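Novice: Here is my input; please provide its structure:
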Amino acid sequence: MQNRYSVCTIVTGSRKVDSKGDTHLVSRLSSTFYPNLDTTSDTIIISQPGDRLDLLAKEFYGDETFWHVIAISNNLGRGTLNVPAGMIVRIPRYAEYSGIGALIRIFNDER
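Specialist: Residues are numbered from 1 along each chain as shown. Okay, here's the model as predicted:
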């Protein structure tokens with residue numbers, strides 16, 4: 001299992017607002033890991049009304065829990081699984097040797 005902090009960096013100068021509304025400068029760890037994705041064989045679709053990330057993951061990967069793969073690839077999924085109708089959506093090809101396979105293995109190892 002890859003530790004999510006093994007690829008992190010220290011970010012200085014971040015701002016944090018406390019419960020009184022006062023702003024403080026803090027340091028934090030940047031721990032988000034995004035693998036390099038091979039985009040040459042991705043599927044491209046135009047979303048339809050009612051499309052959701054979990055339903056697309058079920059259709060293309062056979063498992064709705066991989067919705068985050070599509071979300072990361074398209075900068076979606078912040079607070080909702082809905083996909084705007086008419087949006088061009090990139091569906092990364094899943095393969096054990098691709099970045100998606102690595103992302104899925106890391107995700108499953110951390111659960």
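
Novice: domain assignment for the protein?
Specialist: Structural domains assigned to the chain are 1-33, 43-110, following automatic domain parsing.

Novice: Which residues are in contact with N74?
Specialist: When contacts are counted by C-beta atoms under 8 Å, 6 or more residues apart in numbering, N74 is found next to 87, 89-90. Placement of C-beta: from N, CA and C, glycine included.

Novice: Can you lay out those residues as JSON lines showing secondary structure, pLDDT and neighbour count?
Specialist: Shown next, in JSON lines, are the contacts of N74 (DSSP: H, G, I helix; E, B strand; the rest coil; pLDDT from 0 to 100; neighbours: other C-beta atoms under 10 Å):
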{"residue": "M87", "secondary structure": "coil", "pLDDT": "93", "neighbour count": "13"}
{"residue": "V89", "secondary structure": "strand", "pLDDT": "93", "neighbour count": "19"}
{"residue": "R90", "secondary structure": "strand", "pLDDT": "91", "neighbour count": "13"}
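
Novice: JSON lines for these, including distance to G50?
Specialist: Output for these, formatted as JSON lines (distance: C-beta to C-beta, whole Å):
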{"residue": "M87", "distance to G50": "13"}
{"residue": "V89", "distance to G50": "13"}
{"residue": "R90", "distance to G50": "19"}
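
Novice: thinking again about what came up before, most tightly packed of the domains of the chain?
Specialist: Of all the domains of the chain, domain 43-110 carries the top mean neighbour count, a mean of 15, counting by mean count of other C-beta atoms under 10 Å.

Novice: looking at the domains of the chain, which has the lowest confidence?
Specialist: For these, the weakest mean pLDDT is recorded on domain 1-33, namely a mean of 70.
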